[in-house]
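**Q** Fold the following and give me the result.
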Amino acid sequence: MDFHYSAEDEAFRLELRTWLETNTPKTSSHTDDPFMEDNAEEWQQRLQWHQKMHAAGWVGISWPKEYGGRGATLTQSLIYEEELSRARTPRLLNGLGIALVGPTLMHWGSEEQKKRYIPKILSAEEMWCQGYSEPGSGSDVASLRTSAVEDCDYFVVNGQKVWTSDAHHADMCILLVRTDPNAPKHQGISYILVDMHSPGVTVRPLVQITGESGFNEVFFEDVRVPKANLIGEKNRGWQVAITTLMFERSGLGGGRDLTGQVRELQNLAESLDVDGHPAWEGSSVRQQIAQFACEAAALKYTRYRQITRRLQGLPPGPEGSVLKLAMSELSMKMSYFARNRTSGVREIVVAAV
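**A** The predicted structure is shown next:
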């Protein structure tokens, strides 16, 4: 693994870091949780930040230049994520559209579909969600039962999707539907684009134990979808769906690294008072946060291993799956450690023992 960046990459880092230092909101609220619901004010702040980033050419940097991106290399994409994490910027909007929908349409969409949908993804003029999972069809997505029946120039869609992130904000949905109920389950599936404002679409929030509701369930009742919104061939949508999943799994390793979250945890410990002294002065607290820092660093270098494989022309290895699992577990451990941030500072020491 080579940790040295080219002069071009370092120039890219300097350009981005300089821009972020000048433009990142000083009082912005930051979260690494993509499923945390924003109130209206926070959503508007994120929209303004997204628009500012887009106007400066810092959204969808890995997209080809012909579609509004910068054609950034893998290493530049890695630098991009590192610098956003370092600056603790607000999350951009339309992450699913940028990472999954746009690249899928570039590969499978007709010219008319590309012209209609792609330009509005980077700008967040149209928000996207993903209609894959259903009650009873989670890990086995191909067992889905949401149906689409042809009626002249339309598909009439009926069914339900669940765990649909940001559906309450979405304008469009990439939807898997069964168009041939008699075909084997991996066949007879079609991939269509559905306007979430269509009559018959109902979005209901799934409220988590935290009170947040970034996930949703979506019901489709006689929703009419133009056949022009079919991506790829009818009954062969599984191929298109796999393409979308490949873009998801070949990402840079589960999002931002967690070193910024470790720093925030340290700042919390330094600001909390325990018996007249900052919690940070407790050796057990420092030891636990140091352990988190070591684990975050290990995950960062595992991510580098994945990037190295791809730079060598190899397909993505198991590092991506390992990272997703390990990052989720580490983030949860840090959140558990800091859970008493507002309800009682003494237990932060107890949690560290």
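
**Q** Mind picking out the helix or strand in this structure with the poorest mean pLDDT?
**A** Least confident helix or strand, the chain: helix 347-352 with a mean of 43, by mean pLDDT, DSSP states H and E.

**Q** quick one: the strands in the stretch 1-150 of the chain?
**A** Using DSSP state E, counting those that start in this stretch, the strands of the stretch 1-150 of the chain run over residues 128-131, 147-151.

**Q** which intervals of the stretch 101-250 of the chain have sub-threshold pLDDT?
**A** Across the stretch 101-250 of the chain, the ranges flagged by pLDDT under 70 are 249-250.

**Q** Helices of that one, start to end?
**A** 102-108, 111-117, 119-122, 237-249 (DSSP state H, counting those that start in this stretch).

**Q** what's the longest one packed up against?
**A** In other words, helix 237-249. helix 102-108, strand 172-178, strand 189-195 (3 or more CB pairs under 8 Å, 6 or more residues apart in numbering; DSSP states H and E). (Each C-beta comes from the backbone N, C-alpha and C, glycine too.)

**Q** Give me the contacts around the first one.
**A** Right, the one you point to is helix 102-108. Residues outside helix 102-108 that contact it (CB atoms under 8 Å, 6 or more residues apart in numbering): 60, 63-64, 67, 113-114, 117-118, 121-122, 174, 191, 231-232, 240, 243-244, 247.

**Q** and with 6 Å instead?
**A** With contacts defined as CB atoms under 6 Å, 6 or more residues apart in numbering, helix 102-108 is touched by 114, 117, 118, 121, 231, 232, 240, 243, 244, 247.

**Q** Likewise for the last one?
**A** Taking contacts as CB under 6 Å, 6+ apart, the residues outside strand 189-195 that touch it are 172-173, 175-179, 225, 229-232, 234, 237-238, 240-241.

**Q** Please identify the deepest-packed of the strands of the stretch 1-150 of the chain.
**A** strand 128-131 (a mean of 25; mean count of other CB atoms under 10 Å).

**Q** In its sheet, which strands sit next to that strand, and in what direction?
**A** Take DSSP bridges as the rule and strand 128-131 pairs in its sheet with strand 172-178 (parallel).

**Q** Give me the angle between the strand it pairs with and strand 189-195.
**A** 150 degrees (axes from the mean of the first three to the mean of the last three CA atoms, to 10 degrees).

**Q** Pull out the buried positions in strand 172-178.
**A** Buried residues in strand 172-178, counting neighbours by 16 or more other CB atoms under 10 Å, are found at 172, 173, 174, 175, 176, 177, 178.

**Q** Nearest to residue 211 among the residues you listed?
**A** residue 173 (25.2 Å; CB to CB).

**Q** So in terms of bridging, what pairs with that closest one?
**A** residue 129, residue 194.
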